[in-house]
Structures are given as structure tokens and as C-alpha cells.
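*Asks:* the following comprises the amino acid sequence and a computationally predicted model.
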Amino acid sequence: MDKWQNNRAWFMVLPVFVVVAISAIIPLMTVVNYSVQDIFGPGQSVFVGTEWFKEVLTDRRLHEALWRQFLFSGLVLLIEIPLGVMIGLAMPKKGWTASLTLVLLALPLLIPWNVIGTIWIIFTRPDIGLFGATINTLGIRFDHTASPLDAWVTVMLMEVWHWTPLVALLAYAGLRAIPEAYFQAARIDGASAWAVFRYIQLPKMRGVLTIAVLLRFMDSFLIYAEPFVLTGGGPGNSTTFLSIHLVKIAVGQFDLGPAAAFSIIYFLIVLLFSWLFYQALLRVGTGEKR
Amino acid sequence: MAEIHLDGVAHSYLPNPTDERDWALKPMDHVWRDGDAYALLGPSGCGKTTLLNVISGLISPSHGRVRFNGHDVTTTRTEHRNIAQVFQFPVIYDTMTVYDNLAFPLRNRGIDEATVKVRVHEVAEMLDLVVHLGKRAIGLPADAKQKISLGRGLVRSDVAAILFDEPLTVIDPHLKWQLRRKLKEIHERYRLTLIYVTHDQNEALTFADRVVVMYEGAVLQVGTPQELFETPSHRFVGYFIGSPGMNFLPCRLTASGAEVAGQAIPLGGTVLAQAAGASVLEIGVRPESIRLADGGAGLTVQVRDVEDLGARKIVTCRLGDHELKVKVSAGQAVPAERATIQFNPHLTWLYADGRLVR
Amino acid sequence: MRIGLDQATLRVGTVTHIYPTTVDLAPDSLNILLGPTLSGKTTLMRLLCGLDRPTTGRVWVDDVDVTGVSVRQRDVAMVYQQFINYPSFTVYDNIASPLRRAGVSKADIDRRVRQVAEMLRIDGLLARLPAELSGGQQQRIALARALVKQARLLLLDEPLVNLDYKLREELRQELRAIFEARKSCVVYATTEPLEALMLGGNTLVVDGGRVLQAGPTIDVYNRPASERVGAVFSDPPMNMIEGRVEGGAALLGDGLRVPLAGHLTGLSNGVYRWGVRTNHLALSRRHAADIEIDGVVELGEISGSETFVHVAHNGVSWVAQEEGVQRFGINDAIRVYVNPDAFFVFDRTGALVAAPVGGALRPVEEATHG
């Protein structure tokens, strides 16, 4: 039942506070510090107030990167969530085929992210890549280093290949947790396969799908390594997503102030959207209307 | 409404059953009469849920036939069998209102909305769910949810039988009584064929017109609660039903009856003839069917323990090497050491190899 | 060991779980905490064994104040509702675990484990893992682990509640014998009146964070100090009805007239609450003074070897208890007889005014066997 109040308990929690402080709060504060100063060199800095924020917010290239980012994350969710649910529904339920499917699905998740980029460079090369060469022999011109559309298709394919398995695994876990009685009851009630999906499987997957949407949104919004390796943000700026843009400012041009301001805005956007998704999905199907 | 026949039904979950224990259901013939309320009673693992699933069509038996009103439905799928089922844990459609939940089976069968409305209101009225009709089903307490599950069965006018799989497990004790009463009322009113699976003897005996006692995949006895209590046809039934269970005392046959610990118990000639050749012979008598007195005629026993349960006392006695329990009324004085007991001759039975001989 | 609480309370935040409570448990006694779910039984146990520290008041053992002494430094064993065992240990190792921690010699451990396993009839399962066993067997292991320690305070928190009806009946019998043979103070929590009666010993009726009444089990049953105790200590619930005493007779809410004889003699005029247990209502006349109630059957419920008939009479529901298993058709007309000697009378505050004499009522005049 209830534990009696014990002050010693706070000492037990203290190490966690220390770790969180070192790993998250202190670096974040450093970034906040940078965002309001102009830094010329070690020990030389001037307080500039909100100037960097103004500069960043009016930067055209940043706006472009931001819209590109939303388009990318939107497409990722639109493709990966339904596809993952479909795979989850189609997966075998028991026996060795179930184990095999699980292993196959988990494979892309085990590969380091920069290696993924390299794999897809080779895979889509128009001259020797299995995918690129095949499609070019079929008479369709395909080159992600030359055409922005081809670059987008390649990045999307790579992203979907890489991360849909995660959604599928989550959906599968959600589906497996539904008691058999629900399916039996639905059969007795004469429900169609669609009705079973709509009224049993989908509502019961709400929890895991909330997690899937949050994870995929945050991850895709922060995507860096794979497209950087694959396209380097090009051709032109066509695949320059927010984090690639950020690295260009911070490391390429060494503009630490604007980069820091940008980081904070970036962080707030992710936080805001995650919260919105979370609230929306939490309410879907619970009947609470506000 | 339907009369359900099981003809030589047997089931094994294994492809090639060899051993006796490989069978979840041993071959059985049974008729579920139209309009009766049955309980399927037995300890866990006795095959009662398998049998229920055979009737509902969730399992196709490996042997034998299932007939509804004479029609062979052995291979007919659940959704075409016109069966309704209430499960152990309430199954409700979370995103729907109570009304939509109740309407669901009708809508799936393409019934027009006007009829749906009439039927749903009728059922909601009967189950006291009218006030909840507009609410989401997910927020309701367990007993209301279980009523919705039941309502989805009742709402269809064509159900052959309603099956219950331990439906009161999650219900608070003080609400169980009300739900049981509701079930009884519905049964009296509509005379539906009801089959109720439970491991709880009290639930089974309270609910059913006829109780089917199962043990290790076989039906041991089918009878009214009173029959099971008074004339258990099998040792297990005697033990399982009643609290405390029936006393069983090893005995020896003589020319005129049985002998327990050197004391004679007269038995009829036909009983003796049937019991000849059995390897284990026992006398079975319920604690309620033994009269305990301070001296006088009867078997002499040692009083070992008296439990005062307020409304009655349970006296543990020793007869020779055997222990037996006697139930006496609260006001009766129990001798401290030595007492005599008399068995009610109408309710004392001989069991040969675990089976009733009469 | 004698253990007790002295004006102990437990508050968490603004919520009071235990109001000032004083209990005194005699050495080597069996004490039943009887009360509905969430009444405070578990909390009282936690206070007694030192898992919780009382907000105010004291806990004492043999006249030594042990308030605030951690459970680790006390000689306590506990059994819970859930079957709690180490899943990766064999049955033997599970039972041996408290002894190993206490540094008992190997030979001694072996002897004690085998002894307690034999007593609980799990000696054939010592090499198995808990997961391979049935619920009843798992709870036997948990009991064995608690018993092998020979702790001076043994706490059992509804240990049988998750078992099947028949298993519960068997294990309860065994526990009764085990408790009798033991030299320790046993505290046993249950919600079931019948369980308290079967185990015997002393009963403390707990409700709403208070101990309402304490004493030998059968005495508390026969003389509940208040309406609430009567309600907690009756299963099925006691028949309760309001009735007015006027001019030498009582008129109950549904129109039943009860003459004021025997223990009811001399009740002053006024309104009282009348209670009678189900076993004092019968389907046949058992005493000359029995009062007839003509009603209709609401439901026949069967419990163990008894049938409870719910009878509606002028809008009031009476429950009568019959020996044996019988069938009653809903809405059938029925006549039941209530024994006026068996009425409890409570005043409007719920305090007991009159109780049946000595609990031992007149024996049934015509014994009804079979």
C-alpha cells in the first residue's frame, strides 16, 4: 500500500539528478549561453541579446530547410505508420516463421546509421548499384546525385527501409497483447475483418502507435547521418534538412551564436510537435472531447 | 433456440494422440436440451473450456459430430452458428458507446436501424443499461461491461445458445448476487439455452438447472444440483460438491452389507451383487447425513475436534483408522471423547472403484 | 511473545489509514483480523511487524518499545495473497532461503526444510521449480518458507484468497492444525467470516481503519457490539430491518410483529434496528414461537452444503438458510419461519441493545437430516 515518508529516499534519487544535470541540463545551458553572445575567440565574447534569434528566424535558407524537414517528417509518418501496421498485421503469429520474420525485421535496426548511408550509395549507384543499375536498364533515368527528385526518392526509400521495421515490431507487440477473447467475441458478433481492425485492433494499438508516431517524428525530424552520407544535402540544397543545415552553420562557418539560437528553436519545435501528437493520440478513441 | 447434440465428440490438441492423457476431451455423447440452464463444472484443466469451444465452434473436434436442432454444424464456423458468448474478462468495443456496442451484432448482420433501435432499447431495459446507452463503454465498471457482453448476445433474436466462460470472475462479491439474479430472471423469461463454465461449485449450483461435472476430460455426472449433492455418482463429485465434502470410508463386504472398522453397515442385495469383484470399496456419506449422539445405538467413534462455525458445528471423528466429519446444529452439545454415530440409510452409498453402486 | 499497539495511528499526508488503535495479542495466540477489503487489515499488520512506522503511538513486544525498529531486526515471517516465491530457485532452495540468510548449518537446514515440507505435503516436489506447480502448491511453498523460520511473529495476509474453493477448504484445515502446534504469535487477515470461524482463536473486527471489537472468535460472532460488527461478521449479510417497539411488541418495517419475550423482554418504546442471521430463518417450523413470513422467492443461492433463499416480503428482502442443496423457482410463493429468540437489537446509533442469550440458542426441536 503506502510507504511511510522517508527522507533517506531523496538521497537515493540524488545520483540520478547529478547524472541528468551533467548529461542534459549543463550542455543545454551552455547552448543557451552561446545563443545570446557573440564569440570571437576563447574568453572573448559580447552579449548580443536576441540578435541571433532574429537573424536565424529571418534566414531564408533556414525557412527552406524547415519546410523541407516538415515535408520529410510528414511523409515518413504517412508511409511508415500505415505500412508498419500492415506488416504487423500480416506477420505470422507463432512458430519458426514468426521468429524468422522478427529477426529479418530487426536487421536494418542493427546497422550503424552511417553504414546505412554507405549501403544505399552503393545500392542506388546508376552504374553498379543493384537498384540504380536495374532501374536505369529499364529505361528510367535515375541518379540521386543529379536529380533532386531522385535524391528525395532515395532518401525516402532508405528511411522507410530503415525504420518501418520498428513501427512493425511495435504494432506486432501491440497486436499480440490483445486477448484472444476479443477476436472470438468479434467472430460471434459477425464482425467483418475491417470491423475487427477498426474497433478492436486499432483502438488496442493506440498506446504503441502513440510511441511509434512520437519516435518516428522525433527521429525523422532530427535525421542527419544517413542523408549526409548519401547526398551530403544535395544536389543543391534539395536534401539539406534542419540538422544538416545546423552543422553547416556551426561547423562549416563556425557561427556558434546563430547555431546555438537555431538549436534552441529546433529543440522547441520538436518538443512542441511531440506534445501535440501525444495529446492528440491520447484523446483519440477515449471519448474525451474538449 | 436449439437443442444441441454431441455425438461421440472427442478432442485432442495433439495430431496423433496415443496415451489416455493426450485427450483434452474423452469421447462423449451429450444432449443439451432446448431452454435449460446448464453449468459445466470442474477443476482447471478438466476440459470444460475445450468443450465450450467445441460447442461455440472455436474448436473443431477431432472426433464426432455436433448438431444444432438436428443440423450437423461440426465444421460450421462460429459466426454462422448463432452462438453468443460471454467471456471471463469483459469484451467491449472501447471506442463505441454502449448503444453501438449492443447494436454491433445486428448491424454486422445488415439489420435495419429501426429494428436495431427497438432491440437495443429492449435489451438495455432488461439489463438496466438504459442510463448508460449514450456513454462510452470503456469508462463503465466491470459489472456493467459484463452486462454489455451479455446484451450483445441477447440482442440477437436468433441465438441458439448463450455460452458463459466464468463470467463473474472480475465482479465484486456484493454485485455477483445481483448479476446471478439477473441471469436467472432472463433465463426464466426467455427460456434460452444457457451453458455456464465455472470451477466454482457454488456458482454452478446456484445458476444451473442441470450441472455437468467434468474431470480429466470426461463427464462424470449430469444432474440437478440436488442430485449431485445427494447421490454423487462418482467419488470426485462427492468430494468436489458440498463443504466439507463427502466422507469416504474403506469397507469390506460381508453377506449382508459392508463392514467399516469392524462395524456393520447393512446394504441391499443388488448393491452387493454389483460391487462384487471391485478392488476398492468405500462407503460414502455426507457430513449432513450422519447423526451424532452421546451413546445409544450406532457406531462408536472418538471425537477429535469440534469447529464451531456459529450456525453449525463440524465435528471431526475417528472411526477405527479413518477420519470422518459430521455436521451438527449449533445448539447441539458434542460429547468430549466418545460418541455414537448413525448414518442416514437413505443417503449412505457404496462406491466400487470410485463409482456409485446402487 | 506478546505484541501490541498502544494508541497507534497511521496518517499519510491528510489521509488517515489507522485511527488510534490499541491491541494486545497474547503469547502464542492465533489472531484473526476480519474486515472488508481496504478496511485497514494489511496496514495493521505492517504496523505490527515494522514495515510501517506509526505516525503516533507505540508498538511494543514483551513490554519493550519497538516503535521504529525496522522489520529486518525483528523476528517476523509473512505470507501474502499472491504466491511469492523465487522463480529460479527449486522448491527446496525456496524453503531453505530464509535459513541460509540466517546462517543455519547445512545439516540443520536440510532437516528443517524436509520437516516443514512434509508437514505441508510438498516433500515430493522439492526438486521442482515454482512455475511447474499449481497455485495451491505454490502457496504451500510460500507458507513453508514462512514457517521454516520459526519466527515468533507470523503474519498471513489473506493467504487463501487466490485459491480454488476446494483447495481453500483443505489448506484452511491444515493451517488450523499447524497454528495449534506452533509456538508463535499468528496474525491472519481475512474478509470471510466463515474463515475466521473455522480457524477459531481470537478475532479483531476491523473496519474503516479502526478495530471495532476484539475477543474470542465465537464470542464476537455471538455478541457483536454494534450493527457494523454484525454486518462484517455475517456471510451472507445479516437480515437487517428497522422496527418500532410499542405496547409490549415490536412492529418491523415490513409489517412483521415480534412479541417481546426472552431476551427482548423490557425493551423500552422507540425505534430500533433489528438483525437476524440467515441460519435462524428456516423453511420449516422449528420452534413453537417461530414467526411466519409469507413471501415470494427472489433467488436460491447455493454455498457449500447450504442453500440461501432470498424471499421478498412487503418490499423487504429476507434471506433464509437451508441445509443441503435445494432448488427454488423464482417468484414461487414461499413461507419462511424466523426464530424471535435469534434477533439482535441495535439502537439507532448502531450499538447493541439485546443479543440472543449466550449465542447457544435452544437446540432445534425437530432435527432435519436429509
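*Replies:* Yes, it's here. Numbers count the residues shown, from 1 in each chain, chains lettered A, B, ... in the order given.

*Asks:* list phi and psi for residue 69.
*Replies:* This is for chain A. phi -60, psi -40 (degrees, to the nearest 10).

*Asks:* ah, no, chain C please
*Replies:* Torsion angles, degrees, to the nearest 10, at residue C:69: phi -70, psi 130.

*Asks:* now swap in residue C:65 and tell me
*Replies:* According to degrees, to the nearest 10, residue C:65 has phi -70, psi 120.

*Asks:* once you drop chain neighbours, what's closest to it?
*Replies:* residue C:58 (5.6 Å; Cβ to Cβ, 6 or more residues apart in numbering or on different chains). All C-beta atoms are positioned from the backbone trio N, CA, C, and that covers glycine.

*Asks:* does that neighbour touch residue C:9 like I think?
*Replies:* No. Between residue C:58 and residue C:9 there is no contact under Cβ atoms under 8 Å: 10.8 Å.

*Asks:* what residues does the stretch 101-250 of chain A put near chain B?
*Replies:* A:179, A:181-182, A:184-185, A:187-192, A:195, A:199-200, A:203-204 (Cβ under 8 Å from any Cβ of the partner chain).

*Asks:* ok, now which ones touch residue B:233?
*Replies:* B:220-221, B:223, B:355-356 (Cβ atoms under 8 Å, 6 or more residues apart in numbering or on different chains).

*Asks:* between these, which is nearest chain C?
*Replies:* Among the contacts of residue B:233, residue B:223 lies closest to chain C (Cβ to the nearest Cβ), at 10.7 Å.

*Asks:* and the closest one, how far from chain A?
*Replies:* As judged by Cβ to the nearest Cβ, to the nearest Å, residue B:223 and chain A stand 29 Å apart.

*Asks:* does that residue touch residue B:210 like I think?
*Replies:* Yes. Taking Cβ under 8 Å as the definition, residue B:223 is a contact partner of residue B:210 at 6.6 Å.

*Asks:* tell me the centre residue of the chain?
*Replies:* Let's take chain A. residue A:219 (2.1 Å; Cα atoms, centre = their mean).

*Asks:* not quite, go with chain B.
*Replies:* In chain B, the residue lying closest to the centroid (Cα atoms, centre = their mean) is residue B:41, at 3.3 Å.

*Asks:* looking at strand pairing, list the partners for that one.
*Replies:* With DSSP bridges as the criterion, residue B:41 is bridged to residue B:198, residue B:213.

*Asks:* how close does residue B:89 sit to chain C?
*Replies:* 16 Å.

*Asks:* interface residues of the stretch 151-300 of chain C facing chain B?
*Replies:* Counting by Cβ under 8 Å from any Cβ, the stretch 151-300 of chain C sits next to chain B at C:164-166, C:169, C:176, C:193-194, C:197-198, C:200, C:218, C:221-222, C:277-279, C:298-300.

*Asks:* could you list the low-pLDDT ranges of the stretch 151-290 of chain A?
*Replies:* By pLDDT under 70, the low-scoring segments of the stretch 151-290 of chain A are A:252, A:254, A:284-290.

*Asks:* tell me which residue of it lies closest to chain C.
*Replies:* For the stretch 151-290 of chain A, Cβ to the nearest Cβ, closest residue to chain C: residue A:179, 19.9 Å.

*Asks:* what's the helix or strand for the closest residue to chain A within the stretch 201-350 of chain B?
*Replies:* As assessed by Cβ to the nearest Cβ, chain A sits closest to residue B:203 within the stretch 201-350 of chain B, at 18.9 Å. Residue B:203 is part of helix B:201-207, with elements assigned from DSSP states H and E.

*Asks:* briefly note if that helix comes near chain C.
*Replies:* Yes. Taking Cβ under 8 Å from any Cβ as the criterion, helix B:201-207 and chain C are in contact, through B:201-202, B:205-206.

*Asks:* give me the neighbour count for residue C:211.
*Replies:* Residue C:211: 20 surrounding residues under other Cβ atoms under 10 Å in any protein chain shown.

*Asks:* same check on residue A:140?
*Replies:* Neighbour count of residue A:140, defined by other Cβ under 10 Å: 9.

*Asks:* what do you get for residue C:141?
*Replies:* So residue C:141, with other Cβ under 10 Å, has 27 neighbours.

*Asks:* one more: residue C:15?
*Replies:* 9.

*Asks:* any idea how far it is from residue C:47?
*Replies:* 15 Å (Cβ to Cβ, to the nearest Å).

*Asks:* and stretch B:140-157 with chain C, contact?
*Replies:* No. Counting by Cβ under 8 Å from any Cβ, no contacts exist between stretch B:140-157 and chain C, the nearest distance being 14.6 Å.

*Asks:* relative to the whole chain's centre, how far out is that stretch?
*Replies:* Averaged C-alpha coordinates place stretch B:140-157 at 22 Å from its chain's average position (Cα atoms, centre = their mean, to the nearest Å).

*Asks:* can you point out the buried residues in that stretch?
*Replies:* Residues of stretch B:140-157 classed as buried: B:140, B:143-156 (neighbour count, 16 or more other Cβ atoms under 10 Å in any protein chain shown).

*Asks:* list the contacts of the residue nearest to residue C:65.
*Replies:* Per Cβ under 8 Å, 6+ apart, neighbours of residue C:58: C:5-8, C:65, C:67.

*Asks:* likewise for residue A:85?
*Replies:* Here residue A:85 is in contact with A:167-168, A:171, A:205, A:209 (criterion: Cβ under 8 Å, 6+ apart).
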